[in-house]
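> mind folding the following:
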Amino acid sequence: MRRQLNTKEEWFANTEEEANKIVEEAKEEFPDELIGHSIALKSNKAGEYYLVKLDVKYNTPAGIMESELSKDQQEDSEEWEDEKQETEEDGDKE
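Predicted coordinates:
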């Protein structure tokens, strides 16, 4: 199994307002996952621009393992219920 834990994104913006909008949209889209952001004014020979960096954390290794463990336990419980129902149905036939 492969799961992505985190990602770092970089965005280009012409104005500070655009840069702030990128951050606000990320906060709305990933309210719990956005763990950091920065807006930096940069310049080159073509002019000035804003570089927006977003750090997004989706999960931790422990979180993934715990969710898989609980999913396995739920599947085992469902299998137990299915077997129990089949046994009861077989008992009713006799």
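> any low-confidence regions in the protein?
72-94 (pLDDT under 70).
> if we ignore the residues flanking it in sequence, what's nearest E68?
The shortest distance from E68 to any non-neighbouring residue, by C-beta to C-beta, 6 or more residues apart in numbering, is to M1 (7.7 Å). Glycine gets a C-beta too; all of them are placed from N, C-alpha and C.
> can you tell me which residue is spatially central in this structure?
Note on the chain: the residue nearest the mean C-alpha position is Y58, at 3.4 Å, using C-alpha atoms, centre = their mean.
> okay but it is in contact with I35, surely?
No: look at Y58 against I35 with C-beta atoms under 8 Å: they stay out of range, at 10.2 Å.
> which neighbours do the two share?
Counting by C-beta atoms under 8 Å, 6 or more residues apart in numbering, the residues touching both Y58 and I35 are N6.
> V56 sits in which helix or strand?
When secondary structure is defined by DSSP states H and E, V56 falls within strand 47-57.
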